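> Sequence and predicted structure are below.
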There are 2 protein chains.
Amino acid sequence: MVDLRITVTLKKTVEDSEGGSVLKTLKLLGYDGVKDVRTGKVYFITLTKGTKKTGREFCEKLLANPVINECAVDD
Amino acid sequence: MVDLRITVTLKKTVEDSEGGSVLKTLKLLGYDGVKDVRTGKVYFITLTKGTKKTGREFCEKLLANPVINECAVDD
């Protein structure tokens, strides 16, 4: 059994409007020590067979858009 | 400077329809070794001041719904 954690984020060069919105709201709540917020999507995938490489394939074939996303696979 | 990674997931007891949809699609793509998929939202937050405890406050005050969500803070 393999447990993968796949994190899909926007590339640094792509504007993260949701992150910007969270940043603004945290500041409004009084947290002036917040400098930056970036958001992403995370998938916890349990495999009965396969490896980290299988997770890479999931990124390429389904989870991420290579034009705007970065995809990190951790086990 | 503190970098926090805040992961918001659905509680185990709450149905994750997006995860179910990804699971089904991966199987349709031929990956029959996929047993389970759970999804979540991740926030990468940079603080000029504050600690992991500040991240916990962000969960409580903005990022997570305590009825359905779990919130994990890593630094």
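Noted; the coordinates are in hand.
> burial of residue A:72, as a residue count?
Residues lying near residue A:72 (other Cβ atoms under 10 Å in any protein chain shown) number 15. C-beta: built from backbone N, CA, C; applies to glycine.
> ok, it - contacts?
With contact set as Cβ atoms under 8 Å, 6 or more residues apart in numbering or on different chains, residue A:72 has these partners: A:6-7, A:9.
> change it to 10 Å
In this structure, residue A:72 makes contact with A:5-9, A:40, A:42, A:55-56, A:59, A:64, judged by Cβ atoms under 10 Å, 6 or more residues apart in numbering or on different chains.
> Please apply the same query to residue A:22.
Residue A:22 makes contacts with A:16, A:34, A:37-39, B:6, B:43, B:45, B:58, B:62-63, as judged by Cβ under 10 Å, 6+ apart.
> Now do the buried residues in stretch A:18-32.
A:19, A:22-23, A:25-26, A:31 (16 or more other Cβ atoms under 10 Å in any protein chain shown).
> who does the top strand by length along chain A pair up with?
Looking across chain A with DSSP state E, the single longest strand is strand A:34-47. Here strand A:34-47 has these sheet partners by DSSP bridges: strand A:2-10 (antiparallel), strand B:34-47 (antiparallel).
> Which SSE is immediately downstream of it?
helix A:52-58 (DSSP states H and E).
> Go through that next one and flag the buried ones.
So, applying 16+ other Cβ under 10 Å, buried residues of helix A:52-58: A:54-55, A:57-58.
> that older thread, distance from the chain centre to the longest strand of chain A, please.
In terms of Cα atoms, centre = their mean, to the nearest Å, the centre of strand A:34-47 is set 4 Å apart from its chain centre.
> swap in stretch A:30-44?
In terms of Cα atoms, centre = their mean, the centre of stretch A:30-44 is found 11 Å from the chain centre.
> pLDDT on that stretch, on average?
The average pLDDT within stretch A:30-44 is 98.
> next one: stretch A:48-64
The average pLDDT for stretch A:48-64 rounds to 97.
> end to end, how far does that stretch reach?
Taking Cα to Cα, to the nearest Å, stretch A:48-64 runs 22 Å from one end to the other.
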